[in-house]
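A.B. asks: based on what follows, work out the 3D shape:
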Amino acid sequence: MLGYMRAAGIFASPSTRERFSISLVKAMAADYTVIAAEHLESAASKVIADAGFCVKSTVDAVGERLDAALGGSRPPTAPTDHGKRNDWDAIVEKAEAAYRRAIDGAW
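C.D. replies: Residues are numbered from 1 along each chain as shown. From the prediction side, this is the model:
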């Protein structure tokens, strides 16, 4: 199954329960076309930005975007570029900088 997933080069997360999905970041870092469902409590649109696709959380919307991705549709920004900016090393670096500003009173 994993081989089929890798060959497709697409990662779809139609979940409406995840607020922040590290799986989206990992999929972008692997240069997969990412498709996620938008919902009120999700950060998917911020995580993905223009390096993937956020769609309505309906079967039709997810299915249409999957069809487009399988047909070669790619996001405007390379997923790897965006994914690398948001990998764990980058997140830790940003968090550490925020803590240092808070400690130094420069918040």
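
A.B. asks: need the three-state assignment for Ala36.
C.D. replies: strand (DSSP: H, G, I helix; E, B strand; the rest coil).

A.B. asks: looks like it contacts Ile10 (just checking).
C.D. replies: No: counting by Cβ atoms under 8 Å, Ala36 sits too far from Ile10 to count as a contact (11.7 Å). Just so you know, the C-beta spots here come from the backbone N, C-alpha and C atoms, and that holds for glycine as well.

A.B. asks: how far is stretch 61-81 from where the chain is centred?
C.D. replies: Stretch 61-81 has its C-alpha centroid displaced from the chain centroid by 12 Å (Cα atoms, centre = their mean, to the nearest Å).

A.B. asks: next one: stretch 17-37
C.D. replies: With Cα atoms, centre = their mean, you get 3 Å for stretch 17-37.

A.B. asks: re earlier: higher neighbour count, Ala36 and Ile10?
C.D. replies: Ala36 (28 against 17; other Cβ atoms under 10 Å).

A.B. asks: pLDDT score for the more buried one?
C.D. replies: At Ala36, the predicted lDDT confidence score is 92.

A.B. asks: show me the contacts for it.
C.D. replies: 12-15, 21, 24, 42, 44-45, 47-48, 52-55 (Cβ atoms under 8 Å, 6 or more residues apart in numbering).
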